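K.L.:
All I have is the shape, not the residue letters:
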């Protein structure tokens with residue numbers, strides 16, 4: 001009896017495995033193109049069954065464009081062309097984008113859009129390259145593999161906008177130096193050398209600074225709805241929640257902080273202290289329309305340059321409310337990847353604030369009031385967005401959750417047409433002068 005049961009279970013498992021193999025491997029091959037394309041590699045990363053789905057095989061397109069570019073370069077640029085020739089420089093930039101930046105290595109593009117739940121939509125964009133074809137800057141400027149997005153733990157619950165990403169400045173400097181040596185005129189290479197010389201003259205070791213950099217950059221904007229500030233805007237003003245801005249830099253040691261401390265200590269205005277493991281350099285409040293108390297702080301491997309000392313506390317104090325615990329963030333981050341090489345977030349307060357500014361300051365923007373009101377109405381419906389991007393051995397995947405459905409695109413197109421039509425009806429300066437009534441002495445003749 002036991003043997004029979006075991007055999008039956010084994011048969012079920014084998015049957016399930018065979019069925020899965022047929023669905024995933026055999027059936028797709030029936031509709032496989034005679035061309036060796038990247039369809040299945042790209043579309044496997046997209047959402048199927050949604051409202052939009054697209055794929056483009058780019059390898060033959062880029063190959064044809066590269067050949068065209070090479071032929072044009074031979075015909076338009078003589079062998080004796082000087083390094084300052086504008087045409088030669090233009091062709092070099094195009095070749096640099098294709099080969100140096102990595103556009104030539106793109107093997108396929110994909111896009112999908114699906115509704116996750118009422119009022120929440122997810123778009124995915126895939127930029128694929130075949131394994132091993134990843135020498136361009138686009139593939140190397142970020143981290144090599146997706147990781148846990150632990151920088152989310154830095155964001156307080158009053159965060160209105162935030163972007164943090166892996167950013168390999170060493171790779172960028174290396175790439176700029178390499179491309180600059182080959183560029184006609186060598187402007188890029190000379191610019192990099194001049195930047196290093198400028199840092200050295202200020203007492204900064206550029207190579208040591210790069211070694212201290214931890215590989216991630218970001219910024220955040222907070223808006224405190226319980227405090228309001230009035231900001232001048234043209235001839236009027238707008239009341240907004242109190243803003244706070246911070247630049248985030250991941251570091252490997254305290255070299256950058258100590259460097260800044262040494263430079264700023266001599267000003268006599270900076271207050272330098274250590275509070276609960278947070279090293280701070282702070283300045284008195286400046287006379288600006290909104291609160292501004294410049295503060296530089298470091299705790300662990302994160303250095304922050306902020307407009308307010310309270311913002312630093314909000315970032316480094318784990319006892320305060322976290323963005324990841326808020327209902328708004330959980331709603332927008334529904335089914336988002338938990339691993340990646342960077343993320344972005346905008347809270348619902350941001351589109352509402354943009355709508356408010358548009359409605360209260362219509363004279364500042366050269367567009368018909370009715371069109372501005374339509375844009376404001378669209379923005380007022382917005383609930384923000386959440387974005388994660390991943391870099392892997394086969395390219396980049398961007399995942400974006402947002403609240404706008406496909407029909408919103410049609411609304412924006414309608415508004416743009418309305419604005420363009422209104423401008424077309426406006427008389428030019430010459431036409432206005434021709435029909436303007438005479439003034440001054442001319443009027444009495």
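P.N.:
Happy to help now that I have it. Please read all numbers here as calculations on a predicted model, not as lab measurements.
K.L.:
Go ahead and confirm residue 38 touches residue 105.
P.N.:
No: judged on CB atoms under 8 Å, residue 38 makes no contact with residue 105 at a distance of 11.7 Å. Heads up, the C-betas are built off the backbone N, CA and C, glycines and all.
K.L.:
Please enumerate the shared neighbours of those two.
P.N.:
Common contacts of residue 38 and residue 105, defined by CB atoms under 8 Å, 6 or more residues apart in numbering, comprise residue 130.
K.L.:
mind checking the SS state of residue 142?
P.N.:
Under the three-state scheme (DSSP: H, G, I helix; E, B strand; the rest coil), residue 142 adopts coil.
K.L.:
neighbours around it, how many?
P.N.:
Residues near residue 142, counting by other CB atoms under 10 Å, number 22.
K.L.:
lowest average confidence, helix or strand, in the chain?
P.N.:
Across the helices and strands of the chain, mean confidence by mean pLDDT, DSSP states H and E is lowest for helix 429-435: a mean of 50.
K.L.:
which stretches of the stretch 201-350 of the chain form strands?
P.N.:
Assigned by DSSP state E, counting those that start in this stretch, the stretch 201-350 of the chain shows strands spanning 213-233, 236-251, 271-275, 278-282, 295-299, 302-306, 339-340, 342-346.
K.L.:
List the pairing partners of the second one within its sheet, with orientation.
P.N.:
In the sheet containing strand 236-251, its partner strands are strand 213-233 (antiparallel), strand 302-306 (antiparallel), by DSSP bridges.
K.L.:
now the longest one: mean pLDDT?
P.N.:
Read that as strand 213-233. Per-region confidence: strand 213-233 scores 89 on mean pLDDT.
K.L.:
And for the shortest one?
P.N.:
Summarised as a single mean, pLDDT over strand 302-306 is 96.
K.L.:
again, but for stretch 330-349
P.N.:
When pLDDT is averaged along stretch 330-349, the result is 95.
K.L.:
in it, what's buried?
P.N.:
Residues of stretch 330-349 classed as buried: 331-333, 336, 340-349 (neighbour count, 16 or more other CB atoms under 10 Å).
K.L.:
how about those residues, which pair is most distant?
P.N.:
Maximum pairwise distance among the buried residues of stretch 330-349 (CB to CB): 26.8 Å, between 341 and 349.
K.L.:
list the contacts for residue 296?
P.N.:
257, 260, 264, 280, 281, 282, 303, 304, 305, 306.
K.L.:
of all the buried residues of stretch 330-349, which comes closest to residue 62?
P.N.:
Among the buried residues of stretch 330-349, and counting by CB to CB, the member closest to residue 62 is residue 341, at 24.1 Å.
K.L.:
measure the closest one to residue 387 for me?
P.N.:
Separation of residue 341 from residue 387 (CB to CB, to the nearest Å): 12 Å.
K.L.:
same question, residue 197
P.N.:
Distance of residue 197 to residue 387, given as CB to CB: 38 Å.
K.L.:
what do you get for residue 335?
P.N.:
Distance of residue 335 to residue 387, computed by CB to CB: 13 Å.
K.L.:
cool, residue 324 as well?
P.N.:
15 Å.
K.L.:
related to what we said a few turns ago, from the buried residues of stretch 330-349, pick the one nearest residue 63.
P.N.:
Among the buried residues of stretch 330-349, residue 341 lies closest to residue 63 (CB to CB), at 28.6 Å.
K.L.:
Show me the strands in the stretch 1-150 of the chain, by range?
P.N.:
Shown for the stretch 1-150 of the chain, the strands assigned by DSSP E, counting those that start in this stretch span residues 52-57, 106-117, 120-129, 147-148.
K.L.:
partner strands of the third one, parallel or antiparallel?
P.N.:
The one in question is strand 120-129. Here strand 120-129 is paired, per DSSP bridges, with strand 106-117 (antiparallel), strand 395-402 (antiparallel).
K.L.:
quick one, the longest one and strand 52-57 angle?
P.N.:
Relative orientation of strand 106-117 versus strand 52-57 (axes from the mean of the first three to the mean of the last three CA atoms, to 10 degrees): 170 degrees.
K.L.:
Residue 359 sits in which helix or strand?
P.N.:
Counting by DSSP states H and E, the element that carries residue 359 is helix 349-360.
K.L.:
Run through the neighbouring helices and strands of that helix.
P.N.:
Contacts defined by 3 or more CB pairs under 8 Å, 6 or more residues apart in numbering; DSSP states H and E place helix 349-360 against strand 159-166, strand 213-233, strand 236-251, helix 369-381.
K.L.:
Report the buried residues of that helix.
P.N.:
For helix 349-360, a neighbour-count test (16+ other CB under 10 Å) marks 349, 350, 351, 352, 353, 354, 355, 356, 357, 358, 359 as buried.
K.L.:
so how far is residue 209 from the residue nearest to the fourth one when sequence neighbours are not counted?
P.N.:
So that's residue 352. Nearest residue to residue 352, sequence neighbours excluded (CB to CB, 6 or more residues apart in numbering): residue 380, at 5.9 Å. Distance of residue 380 to residue 209, given as CB to CB: 44 Å.
K.L.:
cool, and residue 353?
P.N.:
Residue 353 is 36 Å from residue 209, by CB to CB.
K.L.:
again with residue 280
P.N.:
The spacing between residue 280 and residue 209, counted by CB to CB, is 21 Å.
K.L.:
Looking at those two, which is more packed in?
P.N.:
residue 280 (22 against 15).
K.L.:
For that one, which residues are in contact?
P.N.:
Residue 280 is in contact with 271, 272, 273, 274, 295, 296, 297, 309, 312, counting by CB under 8 Å, 6+ apart.
K.L.:
what do you get if the cut-off is 7 Å, keeping everything else the same?
P.N.:
Contacts for residue 280 (CB atoms under 7 Å, 6 or more residues apart in numbering) come out as 273, 295, 297.
K.L.:
Check the burial of the last one by counting its neighbours.
P.N.:
So that's residue 297. 23.
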